[in-house]
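S.K.: The amino acid sequence is not available; the structure is as follows:
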């Protein structure tokens, strides 16, 4: 492989990187062209635009991860079922142009007769594994839909989605609590966040704990400015409550933006669970790792 | 007491009843004049209007329960802390006109250093107790903010709020799941509802189980028409998962509208918990019970 064109094509944004033959980032670009903003049939043109001037032809592969592989995306790439590692995912690439442009499939798993899915996070986990030289562990990707991913012997064995970020936004903007909360989130308040995490851990459901925001306000027992941090602690604590502690002192690997990683590190710390942060650009490293296992037939 | 004028004054609606000297309902009225629709200072006029022509003067008491006692209501009636029974609540009436018109206080309780509150449900529980001739048990009032109320020896010992109905509406209308769900709820689907309840009971949090609506849709493993019932099962099952089973075969008393009572009866039945439904008009019976314990000084 002479070079890899790597694309992280999500719902609302598009990022691209040119990696050289050693997998180093030569150039990065981004555009507000998530799949929701691309008209039907418009994907090839947006691809050409964001990769303009980059090498083409034999020896240069373009790999795309994320929602571009969904039904509403460029080309539907059927989910790869768990368990699966780099090689299995690489063998299921959905080719837009054979040998030249492919989409990395998302992954699916099942528990209690109910499926779960992810698209893009599998690539970040593969990238973190490659960068950190690990073959197993628990990987947490906080966000609108947080993912908890269990990896063993280089394969993603199982994962779970938590609508943590979305529930926060729903409660913040559309629920009765929005009348109690200040208009802007303001600076994070660490003690209020910790109080929220601890309350969530001590109770059975966010259905109940969320109402405490209102009750604390009625009795003026928490300043409004602290309440967004408290609510953030409630939803993140709720997510953590459901997780069995990983055995021993194995750290949980956090993959995400620095502010979110910091919050999760704090919340996991309350449970006595150590963490390590994945290096940045897990997506580029993951696409590189998948590209490296792919053998042209 | 010659007669009781009973008012159930909630956030969005107002109901009134005239009870005779034996506590029988002589006449009932209602109006869409919840406290949110009453301008500042407008409560006396709305009261006069809804009770026009009913007896006044010595021997006739008017008792108001519900959100009319909140800070945004007619007169703030401070919460009566748990544990408390009829007599304690009656001793804390907030008088608008001494001996003539009073507001029943809501109740508060505390667990893990966090308060909880209710207004109006305490009166319904008192009414159900009076009507059923019981002095204890678990009372469940399903709704936008469901209440689980524990009563012992005639006193409300503790209660918990669950934002079950509100979470359903948030997920239904404002979350990513709204894209998957049909526009209208349609007829309740009992098997889909039960599947939702069972899935919620088997998992640790609605943050995770709610996402299954989307995943089931992606794999076309549930017809869209069944999904509102499945989601309803998820949120009600989540509420139930947090409750310890009441000891023995003591039935849980359900207080609410017939459709909601039916759903909760079904969900509790999955857990093997028997139920009984409170007689209608628990509020009128509760206000009568409180009025009967009140002794003019």
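M.R.: Thanks, I have the structure now. All values reported here derive from a predicted model rather than from experimental measurement.

S.K.: residues from the stretch 51-200 of chain A in reach of chain B?
M.R.: Counting by CB under 8 Å from any CB of the partner chain, the residues of the stretch 51-200 of chain A close to chain B are A:71, A:108, A:112, A:114-117, A:145, A:160-164, A:166-167, A:170-171, A:173-176, A:199. C-betas here are computed from N, CA, C, even on glycine.

S.K.: Put the buried members of these into a ChimeraX selection.
M.R.: Burial among those is assessed by 16 or more other CB atoms under 10 Å in any protein chain shown; the matching ChimeraX selection reads:
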select /A:108,114,115,116,117,145,160,161,162,163,164,166,167,170,171,175,176,199
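
S.K.: Now go through the residues of the stretch 51-200 of chain A next to chain B and say which are in strands.
M.R.: Using DSSP state E, A:108, A:114, A:115, A:116, A:117, A:160, A:161, A:162 are the members of these that sit in strands.

S.K.: Going by distance to residue A:90, which of those wins?
M.R.: Looking at these and their distance to residue A:90, the nearest is residue A:108, at 16.9 Å (CB to CB).

S.K.: what sits opposite that closest one in the beta ladder?
M.R.: Judged by DSSP bridges, the bridge partners of residue A:108 are residue A:81, residue A:117.

S.K.: Is it correct that residue A:187 falls within a helix?
M.R.: No. Under DSSP: H, G, I helix; E, B strand; the rest coil, residue A:187 sits outside any helix and is assigned coil.

S.K.: Let me know the pLDDT of it.
M.R.: As predicted, residue A:187 sits at a pLDDT of 91.

S.K.: Next, count neighbours for it.
M.R.: Using other CB atoms under 10 Å in any protein chain shown, the number of residues around residue A:187 comes to 9.

S.K.: how close does it get to residue A:212?
M.R.: Distance of residue A:187 to residue A:212, computed by CB to CB, to the nearest Å: 22 Å.

S.K.: same check, this time on residue A:72
M.R.: Taking CB to CB, one finds residue A:72 at 38 Å from residue A:212.

S.K.: Check residue A:17 too.
M.R.: 44 Å.

S.K.: Compare neighbour counts for these two and give me the winner.
M.R.: Neighbours per residue (other CB under 10 Å) separate residue A:17 from residue A:212, with residue A:212 holding more: 27 against 23.

S.K.: check contacts around that one.
M.R.: A:199, A:234, B:114, B:115, B:116 (CB atoms under 8 Å, 6 or more residues apart in numbering or on different chains).

S.K.: Please apply the same query to residue A:159.
M.R.: Contacts of residue A:159 (CB under 8 Å, 6+ apart): A:82, A:107, A:109, A:116, A:118, A:121, A:147, A:148, A:149, A:150.

S.K.: same check, this time on residue A:103
M.R.: A:63, A:64, A:65, A:68, A:69, A:73, A:74, A:75, A:77, A:93, A:94, A:96.

S.K.: repeat that for 7 Å
M.R.: Taking CB atoms under 7 Å, 6 or more residues apart in numbering or on different chains, we find residue A:103 in contact with A:64, A:68, A:69, A:74, A:75, A:77, A:93, A:94, A:96.

S.K.: which is the next helix or strand following the helix or strand in which residue A:89 is found?
M.R.: Residue A:89 belongs to helix A:86-90 when elements are defined using DSSP states H and E. Once the chain leaves helix A:86-90, the next helix or strand it forms, by DSSP H and E, is strand A:94-97.

S.K.: ok, the helix or strand just after that next one: who's next to it in the sheet?
M.R.: Using DSSP H and E, the helix or strand that follows strand A:94-97 in sequence is strand A:101-103. Applying DSSP bridges to the sheet, strand A:101-103 is found paired with strand A:60-65 (parallel), strand A:94-97 (antiparallel).

S.K.: Between the ones you listed, which one is closest to residue A:54.
M.R.: Going by CB to CB, the one of the strands paired with strand A:101-103 nearest residue A:54 is strand A:60-65, 8.0 Å.

S.K.: Please list the residues outside the closest one that contact it.
M.R.: A:1-9, A:100-104, A:120, A:123, A:283, A:287, A:290-291.

S.K.: Any of the residues you listed buried? List them.
M.R.: A:3-9, A:101-104, A:120, A:123, A:283, A:287, A:290-291.

S.K.: and those residues, which of them are in strands?
M.R.: Filtering those for strands - DSSP E - leaves A:3, A:4, A:5, A:6, A:7, A:8, A:9, A:101, A:102, A:103.

S.K.: Identify, from these, the entry nearest to residue A:270.
M.R.: residue A:8 (31.7 Å).

S.K.: is it true that that closest one touches residue A:67?
M.R.: No. Shown here, residue A:8 and residue A:67 do not form a contact pair, counting by CB atoms under 7 Å, at 9.8 Å.

S.K.: Show the secondary-structure elements that the lengthiest helix in chain A is packed against.
M.R.: Assignment by DSSP state H gives helix A:227-241 as the longest helix of chain A. Contacts defined by 3 or more CB pairs under 7 Å, 6 or more residues apart in numbering or on different chains; DSSP states H and E place helix A:227-241 against helix A:164-174, helix A:190-202, helix A:206-209, helix A:211-218, helix A:258-270.

S.K.: and that helix with helix A:258-270, angle?
M.R.: 60 degrees (axes from the mean of the first three to the mean of the last three CA atoms, to 10 degrees).

S.K.: could you check the angle helix A:190-202 makes with helix A:227-241?
M.R.: Using the same axes, to 10 degrees: helix A:227-241 against helix A:190-202 is 40 degrees.

S.K.: Next secondary structure after helix A:227-241?
M.R.: As assigned by DSSP H and E, the chain's next helix or strand after helix A:227-241 is strand A:252-254.

S.K.: how about the nearest residue to residue A:265 once chain neighbours are set aside, what does it touch?
M.R.: Spatial nearest neighbour of residue A:265, excluding adjacent residues (CB to CB, 6 or more residues apart in numbering or on different chains): residue A:275 at 4.8 Å. Contact analysis of residue A:275 by CB under 7 Å, 6+ apart lists A:251, A:252, A:254, A:265, A:268.
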